[in-house]
Each structure stands twice: as C-alpha cells, then as structure tokens.
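Colleague: requesting a structural model of the entry that follows:
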Amino acid sequence: LYRKRIEGQIRGIQKMVEDDRYCMEILVQISAVQSALKSVDFSITERHIQHCVSDAIQKGEGQETIDELMRVLKQFGK
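Modeller: Numbering: from 1, shown residues only. Next up, the predicted model:
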C-alpha cells in the first residue's frame, strides 16, 4: 500500500519537473512524499521493536539488538 502510493507520488514529481511546473507545487509534492516516507519509517520501526527486538530480548540477545536499533535511529537524526 505505502509502496504504490510513494511510487505514484515520485512519478508525479518527475512528471511535474518534466512539464516545468511551478516550483512551489513541486515542493509541496516533495513534502508529501517525505511525510509518506516518515509514516513508513515509523511503521517499520514499530514492527521491528514489537517483533525483532522483543524476540531478541526473550532470547537473551536484547542489548545487541537495542544497540543496533539505536545506531540506526541516530542516523535518522542526521
């Protein structure tokens, strides 16, 4: 669902650029894509925590998995 929506938005931006549309319209669409990606990011992160991190904690491997998650989350902040 997310993938098709984001792909469509990207294609729309590409067409807007090709059609030499008004820059502000393109920027609004870019913002919409960024918002959609943030939504996917949150959903995947949430699923990872609920499943992968939880499973690792139960197996006694929680610290390594949490450290890995924190490294990735730090990259998001850059």
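Colleague: how much space between the residue nearest to the spatial centre of the chain and Glu18?
Modeller: A centroid search over the chain (CA atoms, centre = their mean) returns Asp41, at 3.1 Å, as the residue closest to the centre. For Asp41, the distance to Glu18 equals 28 Å [CB to CB, to the nearest Å]. (Each C-beta comes from the backbone N, C-alpha and C, glycine too.)
Colleague: please apply the same query to Glu61.
Modeller: Glu61 is 49 Å from Glu18, by CB to CB.
Colleague: which one of the two is surrounded by more residues?
Modeller: Using other CB atoms under 10 Å as the criterion, Glu61 and Glu18 rank with Glu61 on top: 12 against 8.
Colleague: roughly how far does Leu37 sit from Ile10?
Modeller: 10 Å.
Colleague: typo on my end, Gln58
Modeller: Going from Gln58 to Ile10 by CB to CB gives 39 Å.
Colleague: I appreciate the help and will end here.
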